[in-house]
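S.K.: Build me a model:
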Amino acid sequence: MGLFYALAIVVLWLGHLLFCLQSGSVDPASPMLYVHMLVQAWLYTGLFITGHDAMHGTVSRNKALNDGIGFLVILLFAGMNYRQLLAKHKLHHEFPGEARDPDYARQSQNFWLWWFSFMRQYITLWQLIFMAIFYNVLLLFFSQKNLLFFWVIPAFMATLQLFYFGTYRPHRLPHLPDMEPHKSRTQRKNHIWAMLTCYFFGYHYEHHASPRTPWWRLWKMKNA
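M.R.: Residues are numbered from 1 along each chain as shown. Prediction:
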(Lines give C-alpha, C1' and ligand atoms only; values in the text may rest on other atoms or scores of the structure.)
Protein backbone atom coordinates (compact mmCIF):
# COMPACT_ATOMS: atom_id res chain seq x y z
CA MET A 1 0.00 0.00 0.00
CA GLY A 2 2.91 2.35 0.67
CA LEU A 3 4.08 1.95 -2.91
CA PHE A 4 0.53 2.51 -4.22
CA TYR A 5 0.09 5.76 -2.30
CA ALA A 6 3.55 6.98 -3.29
CA LEU A 7 2.95 6.40 -7.00
CA ALA A 8 -0.56 7.87 -6.78
CA ILE A 9 0.78 11.12 -5.31
CA VAL A 10 3.54 11.38 -7.94
CA VAL A 11 1.09 10.75 -10.79
CA LEU A 12 -1.47 13.22 -9.43
CA TRP A 13 1.21 15.87 -8.81
CA LEU A 14 2.71 15.50 -12.28
CA GLY A 15 -0.63 15.20 -14.06
CA HIS A 16 -2.12 18.25 -12.40
CA LEU A 17 1.07 20.25 -12.93
CA LEU A 18 1.21 19.47 -16.65
CA PHE A 19 -2.49 20.22 -17.01
CA CYS A 20 -2.01 23.63 -15.39
CA LEU A 21 1.19 24.48 -17.24
CA GLN A 22 -0.50 23.78 -20.59
CA SER A 23 -3.79 25.47 -19.70
CA GLY A 24 -3.01 28.65 -21.64
CA SER A 25 -3.04 32.20 -20.37
CA VAL A 26 -3.29 32.70 -16.60
CA ASP A 27 -6.12 34.96 -15.43
CA PRO A 28 -5.45 36.41 -11.92
CA ALA A 29 -9.13 37.41 -11.70
CA SER A 30 -10.31 33.78 -12.02
CA PRO A 31 -11.08 31.96 -8.73
CA MET A 32 -10.12 28.67 -10.41
CA LEU A 33 -6.53 29.88 -10.66
CA TYR A 34 -6.28 29.91 -6.88
CA VAL A 35 -8.10 26.61 -6.53
CA HIS A 36 -5.53 24.96 -8.82
CA MET A 37 -2.69 26.63 -6.91
CA LEU A 38 -4.01 25.27 -3.61
CA VAL A 39 -4.43 21.78 -5.07
CA GLN A 40 -0.92 21.86 -6.49
CA ALA A 41 0.52 23.07 -3.18
CA TRP A 42 -1.27 20.20 -1.40
CA LEU A 43 0.15 17.71 -3.88
CA TYR A 44 3.62 19.20 -3.39
CA THR A 45 3.16 18.58 0.32
CA GLY A 46 2.29 14.99 -0.55
CA LEU A 47 5.60 14.63 -2.42
CA PHE A 48 7.54 15.60 0.68
CA ILE A 49 5.41 13.42 2.97
CA THR A 50 6.14 10.49 0.63
CA GLY A 51 9.85 11.24 0.84
CA HIS A 52 9.54 11.44 4.61
CA ASP A 53 7.89 8.02 4.72
CA ALA A 54 10.72 6.67 2.57
CA MET A 55 13.17 7.93 5.21
CA HIS A 56 11.37 5.67 7.68
CA GLY A 57 11.38 2.75 5.23
CA THR A 58 7.60 2.55 4.87
CA VAL A 59 7.15 3.12 1.12
CA SER A 60 8.46 -0.30 0.14
CA ARG A 61 10.02 -3.29 1.88
CA ASN A 62 12.57 -3.33 -0.95
CA LYS A 63 15.21 -0.91 0.35
CA ALA A 64 16.53 0.04 -3.08
CA LEU A 65 13.02 0.78 -4.35
CA ASN A 66 12.07 2.58 -1.13
CA ASP A 67 15.14 4.85 -1.25
CA GLY A 68 14.83 5.32 -5.01
CA ILE A 69 11.31 6.69 -4.64
CA GLY A 70 12.43 8.82 -1.72
CA PHE A 71 15.27 10.26 -3.81
CA LEU A 72 12.90 10.98 -6.70
CA VAL A 73 10.12 12.72 -4.77
CA ILE A 74 12.54 14.83 -2.72
CA LEU A 75 14.26 15.89 -5.94
CA LEU A 76 10.91 16.75 -7.55
CA PHE A 77 9.82 18.65 -4.47
CA ALA A 78 12.68 21.16 -4.47
CA GLY A 79 15.87 19.63 -5.82
CA MET A 80 16.86 18.46 -2.33
CA ASN A 81 19.43 15.83 -1.38
CA TYR A 82 17.64 12.76 -0.01
CA ARG A 83 20.68 11.36 1.83
CA GLN A 84 21.42 14.67 3.49
CA LEU A 85 17.79 15.07 4.48
CA LEU A 86 17.71 11.54 5.88
CA ALA A 87 20.74 12.18 8.10
CA LYS A 88 19.19 15.33 9.55
CA HIS A 89 15.79 13.73 10.03
CA LYS A 90 17.36 10.95 12.08
CA LEU A 91 18.79 13.62 14.38
CA HIS A 92 15.35 15.20 14.69
CA HIS A 93 13.84 11.94 15.92
CA GLU A 94 16.76 11.14 18.20
CA PHE A 95 17.00 14.60 19.80
CA PRO A 96 13.62 16.35 19.36
CA GLY A 97 13.60 19.90 20.70
CA GLU A 98 17.22 19.65 21.85
CA ALA A 99 20.45 21.31 20.76
CA ARG A 100 21.22 18.64 18.13
CA ASP A 101 17.74 18.79 16.55
CA PRO A 102 18.18 20.55 13.16
CA ASP A 103 14.44 21.29 12.94
CA TYR A 104 14.22 23.17 16.22
CA ALA A 105 15.05 26.87 16.62
CA ARG A 106 16.50 27.36 20.09
CA GLN A 107 16.98 31.13 19.71
CA SER A 108 13.33 32.08 19.15
CA GLN A 109 9.84 30.60 19.06
CA ASN A 110 8.75 33.33 16.63
CA PHE A 111 7.22 31.68 13.56
CA TRP A 112 9.21 33.58 10.91
CA LEU A 113 12.54 33.44 12.74
CA TRP A 114 12.08 29.71 13.29
CA TRP A 115 11.07 29.19 9.66
CA PHE A 116 14.16 31.10 8.48
CA SER A 117 16.37 28.99 10.76
CA PHE A 118 14.63 25.84 9.49
CA MET A 119 15.18 26.77 5.83
CA ARG A 120 18.84 27.56 6.45
CA GLN A 121 19.30 23.99 7.65
CA TYR A 122 18.07 22.49 4.39
CA ILE A 123 18.74 24.90 1.50
CA THR A 124 22.06 24.25 -0.24
CA LEU A 125 23.96 25.97 -3.03
CA TRP A 126 23.74 22.88 -5.26
CA GLN A 127 19.99 22.74 -4.73
CA LEU A 128 19.61 26.36 -5.86
CA ILE A 129 21.79 25.74 -8.92
CA PHE A 130 19.80 22.63 -9.84
CA MET A 131 16.46 24.42 -9.47
CA ALA A 132 17.68 27.41 -11.50
CA ILE A 133 18.79 25.12 -14.35
CA PHE A 134 15.56 23.13 -14.19
CA TYR A 135 13.50 26.33 -14.24
CA ASN A 136 15.28 27.59 -17.36
CA VAL A 137 14.78 24.24 -19.08
CA LEU A 138 11.06 24.39 -18.31
CA LEU A 139 10.94 27.90 -19.79
CA LEU A 140 11.67 26.32 -23.17
CA PHE A 141 8.29 24.57 -23.01
CA PHE A 142 6.02 26.64 -20.76
CA SER A 143 5.29 30.31 -20.15
CA GLN A 144 7.02 32.13 -17.31
CA LYS A 145 3.68 33.16 -15.78
CA ASN A 146 2.37 29.59 -15.73
CA LEU A 147 5.58 28.35 -14.13
CA LEU A 148 5.34 31.04 -11.49
CA PHE A 149 1.72 30.32 -10.55
CA PHE A 150 1.76 26.52 -10.80
CA TRP A 151 5.37 25.44 -10.14
CA VAL A 152 7.16 28.09 -8.06
CA ILE A 153 4.46 29.52 -5.78
CA PRO A 154 2.78 26.16 -4.89
CA ALA A 155 6.18 24.73 -3.92
CA PHE A 156 6.79 27.71 -1.65
CA MET A 157 3.29 27.36 -0.18
CA ALA A 158 3.99 23.68 0.52
CA THR A 159 7.15 24.52 2.48
CA LEU A 160 5.10 26.82 4.70
CA GLN A 161 2.37 24.20 5.07
CA LEU A 162 4.86 21.50 6.01
CA PHE A 163 6.71 23.73 8.44
CA TYR A 164 3.59 25.10 10.17
CA PHE A 165 1.67 21.83 10.57
CA GLY A 166 4.62 19.42 10.70
CA THR A 167 7.20 21.32 12.77
CA TYR A 168 6.10 24.60 14.30
CA ARG A 169 2.76 23.65 15.83
CA PRO A 170 3.81 20.18 17.03
CA HIS A 171 7.18 21.19 18.52
CA ARG A 172 6.90 24.75 19.85
CA LEU A 173 7.28 25.15 23.64
CA PRO A 174 8.77 21.64 24.02
CA HIS A 175 9.23 21.99 27.79
CA LEU A 176 5.52 21.50 28.52
CA PRO A 177 4.90 18.28 30.49
CA ASP A 178 2.17 16.93 28.18
CA MET A 179 4.69 16.79 25.30
CA GLU A 180 6.99 14.25 26.92
CA PRO A 181 8.79 12.05 26.07
CA HIS A 182 8.87 13.12 22.39
CA LYS A 183 8.66 16.90 22.95
CA SER A 184 5.73 16.88 20.54
CA ARG A 185 2.01 17.54 20.67
CA THR A 186 -0.87 16.37 18.52
CA GLN A 187 -3.81 18.25 17.01
CA ARG A 188 -7.40 17.53 17.94
CA LYS A 189 -9.04 14.66 16.14
CA ASN A 190 -10.64 15.72 12.90
CA HIS A 191 -9.44 13.33 10.23
CA ILE A 192 -10.63 15.39 7.25
CA TRP A 193 -8.87 18.52 8.51
CA ALA A 194 -5.78 16.50 9.43
CA MET A 195 -5.61 15.07 5.91
CA LEU A 196 -6.14 18.43 4.21
CA THR A 197 -3.60 20.28 6.32
CA CYS A 198 -0.65 17.88 6.25
CA TYR A 199 -1.57 14.27 5.41
CA PHE A 200 -2.31 13.46 9.08
CA PHE A 201 1.03 14.83 10.26
CA GLY A 202 -0.77 17.10 12.67
CA TYR A 203 -1.07 13.85 14.63
CA HIS A 204 2.57 14.39 15.39
CA TYR A 205 2.89 12.86 18.84
CA GLU A 206 1.64 9.64 17.28
CA HIS A 207 4.28 9.89 14.56
CA HIS A 208 7.12 10.27 17.06
CA ALA A 209 5.71 7.45 19.18
CA SER A 210 5.64 5.16 16.13
CA PRO A 211 7.92 6.51 13.34
CA ARG A 212 7.37 3.45 11.15
CA THR A 213 3.63 4.04 10.94
CA PRO A 214 3.06 5.51 7.44
CA TRP A 215 1.10 8.74 7.01
CA TRP A 216 -2.00 6.96 5.76
CA ARG A 217 -2.28 4.98 9.02
CA LEU A 218 -1.68 7.78 11.51
CA TRP A 219 -5.41 8.43 11.84
CA LYS A 220 -5.81 4.89 13.19
CA MET A 221 -3.18 5.58 15.83
CA LYS A 222 -5.03 8.75 16.73
CA ASN A 223 -8.25 6.77 17.20
CA ALA A 224 -6.44 4.27 19.39
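
S.K.: Roughly how far does the residue nearest to the spatial centre of the chain sit from residue 209?
M.R.: Note on the chain: the residue nearest the mean C-alpha position is residue 48, at 3.6 Å, using C-alpha atoms, centre = their mean. Separation of residue 48 from residue 209 (C-beta to C-beta, to the nearest Å) stands at 21 Å. Heads up, the C-betas are built off the backbone N, CA and C, glycines and all.

S.K.: Helix or strand: which one has residue 170?
M.R.: Per DSSP states H and E, residue 170 falls inside helix 169-171.

S.K.: Any figure for the gap between residue 121 and residue 222?
M.R.: Relative to residue 222, and taking C-beta to C-beta, residue 121 is found at 28 Å.

S.K.: returning to that earlier point: what's near enough to touch the residue nearest to the centre of the chain?
M.R.: Applying C-beta atoms under 8 Å, 6 or more residues apart in numbering to residue 48 gives the contacts 73, 74, 77, 158, 162.

S.K.: Count residues in the vicinity of the fourth one, would you?
M.R.: With neighbours defined by other C-beta atoms under 10 Å, the count for residue 158 comes to 23.

S.K.: cool, and the first one?
M.R.: Applying other C-beta under 10 Å, we find 25 other residues in the vicinity of residue 73.

S.K.: Also the third one?
M.R.: For residue 77, the neighbour count with other C-beta under 10 Å is 22.

S.K.: what about it, which helix or strand?
M.R.: Secondary structure (DSSP H and E) places residue 77 in helix 63-78.

S.K.: again, but for the last one
M.R.: When elements are defined using DSSP H and E, residue 162 is found to belong to helix 153-163.

S.K.: what residues does that helix touch?
M.R.: Contacts of helix 153-163 (C-beta under 8 Å, 6+ apart): 37-38, 40-45, 47-49, 77-78, 115, 118-119, 197-198.

S.K.: Return the set of buried residues in it.
M.R.: Neighbour counts over helix 153-163 (16 or more other C-beta atoms under 10 Å) mark 154, 155, 157, 158, 159, 161, 162, 163 as buried.

S.K.: If I look at the third one, what pLDDT would I see?
M.R.: So that's residue 157. You'll see residue 157 listed with a pLDDT of 96.

S.K.: how much space between it and residue 50?
M.R.: From residue 157 across to residue 50, the span is 17 Å (C-beta to C-beta).

S.K.: What spatial separation is found between residue 100 and residue 66?
M.R.: In this view, residue 100 and residue 66 are 26 Å apart by C-beta to C-beta.

S.K.: between these two, who's got more neighbours?
M.R.: Using other C-beta under 10 Å, the more surrounded residue of residue 100 and residue 66 is residue 66, with 21 against 10.

S.K.: Now do the contacts for that one.
M.R.: Neighbours of residue 66 in contact, by C-beta under 8 Å, 6+ apart: 54, 57, 58, 59, 60.

S.K.: again with residue 166
M.R.: Residue 166 touches 198, 201, 202, 204, counting by C-beta under 8 Å, 6+ apart.

S.K.: 7 Å - rerun?
M.R.: 198, 201, 204 (C-beta atoms under 7 Å, 6 or more residues apart in numbering).
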